[in-house]
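1. Sequence plus the predicted model coming up.
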Amino acid sequence: MRIKICGITQAEQGAAIANLGATALGFICSPSSPRYVRAEQIANIREYLPASIDRIGVFVNASMEEISKTVEIGDLTGVQLHGDESPEFCQQLRQHLPDIESIKAFRVRHLSPEVLNTIAAYQSSVDTLLLDAYHPTQWGGTGHTLNWQDLASFLPPLPWFLAGGLTPENIQHALQHVSPDGIDLSSGVERAPGNKDPNKVKYLLEQLT
Ligand SMILES: O=C(O)c1ccccc1NCC(=O)[C@H](O)[C@H](O)COP(=O)(O)O
């Protein structure tokens, strides 16, 4: 299972989390987030990471130009589109950056037929899906959970990450209901927004063995 820790802002913490066994690190490229990092900061953190780890930039309604520039400067391996990006935009981005993993995030209140139809419209435009919890005023990193029982029947044709309020304490419970290809955590493994706690990541990984 892929394990993505999102909201890395410090090289030392990123390196420690990578060495513990996370398979992906996320960098928040949305300036309004308390976890925001500039492309140059990502490039600096990257120097301390093993080459094998996936490095995902998280964007909210950013332009193609801004995403491409950040991917290049930050040496990213993937982009996560966490805003209202359309299937057409995702398709264009994938054509523009064919070697970069494209992940579309959906902020879900209930997994209604309407939401499933929305997600289905992206199936040929992205590589990977991510389901996060809905929050009325924040795009992500909210600590709010999804209804995992609702997701038991979510079996999309693309690989997908479960996100939203996951913690070392609740991960086993979540995975009893849901079978994602990966998990994505942010606030559940930090001391304060952007200040990750490698001990919490260690505890998380212990729960997964
Ligand atoms: O984390 C942020 O501050 C953020 C800001 C804007 C867009 C996305 C953001 N985070 C995206 C993530 O991938 C988080 O890991 C995801 O929302 C789960 O967060 P949490 O509920 O705190 O585990």
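-> That came in fine, so what should we check first?
2. how near is the closest residue to Gly74 other than its chain neighbours to Ile53?
-> In space, and not counting its chain neighbours, Gly74 is closest to Ile42: 3.4 Å by Cβ to Cβ, 6 or more residues apart in numbering. Any C-beta I mention is one placed from the backbone N, CA and C, and that applies to glycine too. In this structure, Ile42 and Ile53 are 13 Å apart, going by Cβ to Cβ, to the nearest Å.
3. the more surrounded of the two?
-> Neighbour count, other Cβ atoms under 10 Å: between Ile42 and Ile53, Ile42 has more, with 24 against 21.
4. How about the secondary structure of that one?
-> helix (DSSP: H, G, I helix; E, B strand; the rest coil).
5. Ala11 is in contact with Tyr48, correct?
-> Yes - the criterion here is Cβ atoms under 8 Å, and Tyr48 meets it with Ala11 at 4.3 Å.
6. need the contact list for the residue nearest to Gly74.
-> By Cβ atoms under 8 Å, 6 or more residues apart in numbering, Ile42 lies in contact with 27, 29, 55, 57, 70, 73-76.
7. Sort out which one of those lies nearest the ligand for me.
-> Within the contacts of Ile42, distances to the ligand taken as Cβ to the nearest ligand atom reach their minimum at Cys29, with 8.7 Å.
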